[in-house]
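[1] sequence? don't have it. structure:
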Ligand code: GLN
Ligand code: ZN
């Protein structure tokens, strides 16, 4: 029996990679220095995994930005618009790589970044490969080989991880019509074979191919592609050991196909989908080993050893030990690195710490599970097991997680219908009168630049270096200056800027009961962006208003409308590590009730426009179609609970970004927000066609400014995008706004871009009249 790992967090325990990347981008460190930070992290990670008792340690799971973009570079899938970046002798492959991720605005070039979207149902974002008809590929970078060689130098015979060729194509997007991206498999496969050749020549024993699409519905073409690819690889490399990794969902109807692929080992997610085990054991061919994804790679709860041991026992009854591997269910990219960093000895986290396991602890758990499974009679192993049983039991029975009065309230909303008093068509008239906004109202999504100073104040306040009074004064000053700037820019609907928020989920979680917070529990979200998801461990309650004071203060400074800014229940759920002892739906409805109380307080304080952000709505959707409806039903319900009872005149906005919306439009319409602002600019408004085809009934603000890129769009560009929108959406339903919040941008970029945006709105108003 071997332990192995599918992937490890790569940002570094102190977020070294984030800092090094950002310092490199701003010209403060050299590329050599950045590259060194990258190797230091990798080597440290490998050694940690070795120490934890992992037999097969992954390599090429590291990335400077994103593993899908790494794959694009490896196979030379570099879109044509970057060729000038390549031609510039000064630029290295890494510069090209960052240009693809972030756009390139230098030396008279102005090149947009590649699109970004969420990795399956996680909050990790990957860079979407771009495909053209008859596209050719070539071996472009040898990152996998280099990592393998460096790992070996460090004494580790690693298992390189590659995104499997079929999943790689499926993750991408066709950039022209007249072909399907899977058609490119003929051109792509030879490059994969070259990569494998390099690795085999270097002495690789195992290669892990990640094929998460095997856990999703596949059409015939994809099924054929799988057979073709893996038979060809086997034919070309009869000796290399292929571990095929699936995760996040069950194989279901693809089981037969999967077991017909000539691979050495199959990894399955038994944390999320334990029910698939029996069927797999019944059908598993003798030649294939089974990797059991036992330890949850997506959540931070301690593994219940008894459950894992039962599974192992069942498998051992059918398979020889040498055909069994045990592993986390997925890459550990999605959990924080090390619980030992959380040294606080008081507060909620300290109380619930015995219930938790982060990446490092999960690997230790695997080592322990293996030991206990192989020699259960040893006293030391019995002690390990008993300790685990105690921790699991302690959590189950803890008084910290229950608030009995809530049950009734949740039950009451479960059985009731929640909706606004009147339909949108009627509300919109009321709101038009009440709000008196121009055509194409301009607004932003909520946050304004989180400057060094703002972050410093918050950290000073948290560390007790300044008083609450001092902190409040500083934040208020920043709000006031932001209101002034927005007035000077002549935006129509203003925001307070979210300076008091470190993060849109953490801020609310900190004020709600039922949440705990880590100090260092960072998880990569995209590129150098990391998030610190709260831990939602118990029943939710909102003891007092969370945003009313800041919003009211901002509103008191201006005659324009200030939009209240809340994070919606689904996003609070989705971006937290959520308790697994009750259905997620129940937890989400609890969150909806908490936000509802905030909405009511904002309305009572005279805030006429309230935005309830739900950027995570789509990513919470189960990957399997048959489970999606149930999810959407309760998710939409939780959102509607959040605004239940507001007056017609109160305008409810929602905001979503960086996901595929086409297949959830019906649900988005059912959310019945008066206005939805969505990210659109990277896809050049493609998304709007779907809204138009669907005849989306309410108002829409399509993003015209890609806020993930430092490049500043021109007025003309924004007009061009808006005109594309005008072609498909009635003018009086359109708003103009950036793609998302501006917290990651600096003030100078922000002001320039918004100036163009407001100018664009003005020009459009001259050209169009309300329909
Ligand atoms: N209101 C949030 C902000 O502007 C929305 C962020 C998001 O969609 N991720 O920062
Ligand atoms: Zn957003």
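    In hand now; what should we look at? This one's a predicted model, so the numbers in the text were calculated from it and none came from an experiment. Numbering: from 1, shown residues only. Ligands and ions are numbered 1, 2, ... in the order given.
[2] chain neighbours aside, what residue packs nearest to the residue of the chain found nearest ligand 1?
    Ranked by C-beta to the nearest ligand atom, the top residue of the chain for proximity to ligand 1 is residue 741, at 2.0 Å. C-beta here means a position set from N, CA and C on the backbone, and glycine is covered the same way. Of all residues not flanking residue 741 in the chain, residue 447 sits nearest, at 3.5 Å (C-beta to C-beta, 6 or more residues apart in numbering).
[3] what's around the one you found, how many residues?
    Residue neighbour count, defined by other C-beta atoms under 10 Å, stands at 21 for residue 447.
[4] what of residue 341?
    Here the number of neighbours of residue 341 (other C-beta under 10 Å) works out to 16.
[5] over to the one 5 residues further on?
    Applying other C-beta under 10 Å, we find 7 other residues in the vicinity of residue 346.
[6] that one: what secondary structure?
    Here residue 346 is recorded as coil under DSSP: H, G, I helix; E, B strand; the rest coil.
[7] gap between it and residue 353?
    Noted for residue 346: a distance of 11 Å to residue 353, by C-beta to C-beta, to the nearest Å.
[8] just the pLDDT for residue 626.
    On pLDDT, residue 626 comes in at 88.
[9] got the contact list for residue 427?
    Contact analysis of residue 427 by C-beta atoms under 8 Å, 6 or more residues apart in numbering lists 420, 648, 649, 651, 674.
[10] can you give me the buried ones in the one helix or strand residue 428 maps to?
    Residue 428 is part of helix 424-435 when elements are defined by DSSP states H and E. Of the residues in helix 424-435, 424, 427, 428, 430, 431, 434, 435 count as buried by neighbour count, 16 or more other C-beta atoms under 10 Å.
[11] tally of neighbours for the closest residue to residue 113 other than its chain neighbours?
    Excluding the flanking residues, the one nearest residue 113 by C-beta to C-beta, 6+ apart is residue 103, at 3.8 Å. Residues contacting residue 103 under the criterion other C-beta under 10 Å number 19.
[12] in terms of contact, does residue 103 touch residue 115 like I think?
    No - using C-beta atoms under 8 Å, residue 103 is not in contact with residue 115, being 11.3 Å away.
[13] for this structure, which residues are neighbours of ligand 1?
    445-447, 498, 504, 565, 613, 615, 655, 657, 740-741, 743 (C-beta under 6 Å from any ligand atom).
[14] switch the cut-off to 5 Å
    Proximity of the chain to ligand 1 is confined to 445, 446, 447, 613, 615, 657, 740, 741 under the rule C-beta under 5 Å from any ligand atom.
[15] returning to what we had before: who wins for most neighbours among the contacts of residue 427?
    When neighbours are counted by other C-beta under 10 Å, residue 651 leads the contacts of residue 427 with 25 neighbours.
[16] if I pick that one, what's in contact with it?
    Residues in contact with residue 651 (C-beta under 8 Å, 6+ apart) are 427, 431, 435, 608, 609, 610, 674, 675.
[17] for the residue most central in space within the chain, list the residues it contacts.
    Nearest residue to the geometric centre of the chain (C-alpha atoms, centre = their mean): residue 123, 1.3 Å. Applying C-beta under 8 Å, 6+ apart to residue 123 gives the contacts 523, 525, 531, 533, 574, 575, 616, 619.
[18] which of the residues you listed fall in helices?
    Residues of the contacts of residue 123 located in helices (DSSP state H): residue 574.
[19] so which of the contacts of residue 123 sit within strands?
    Applying DSSP state E to the contacts of residue 123, the entries found in strands are 523, 525, 531.
[20] distance to residue 214 for the residues you listed - can I get that in TSV?
    TSV is the format used below for the ones in strands among the contacts of residue 123 (distance: C-beta to C-beta, whole Å):
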residue	distance to residue 214
523	25
525	25
531	28
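[21] ok, so of those, who is nearest residue 18?
    Of all the ones in strands among the contacts of residue 123, residue 525 has the smallest distance to residue 18: 10.3 Å, by C-beta to C-beta.
[22] any idea which helix or strand in the protein has the lowest mean pLDDT?
    The helix or strand with the lowest mean pLDDT-type score in the chain, counting by mean pLDDT, DSSP states H and E, is helix 404-414 (a mean of 81).
[23] first to last residue in stretch 52-67, what's the distance?
    End-to-end distance for stretch 52-67: 24 Å, by C-alpha to C-alpha, to the nearest Å.
[24] list the contacts of residue 664.
    Applying C-beta under 8 Å, 6+ apart, the residues near residue 664 are 617, 618, 621, 632.
[25] would you say it is within a helix?
    Yes - secondary structure assignment places residue 664 in a helix (three-state DSSP).
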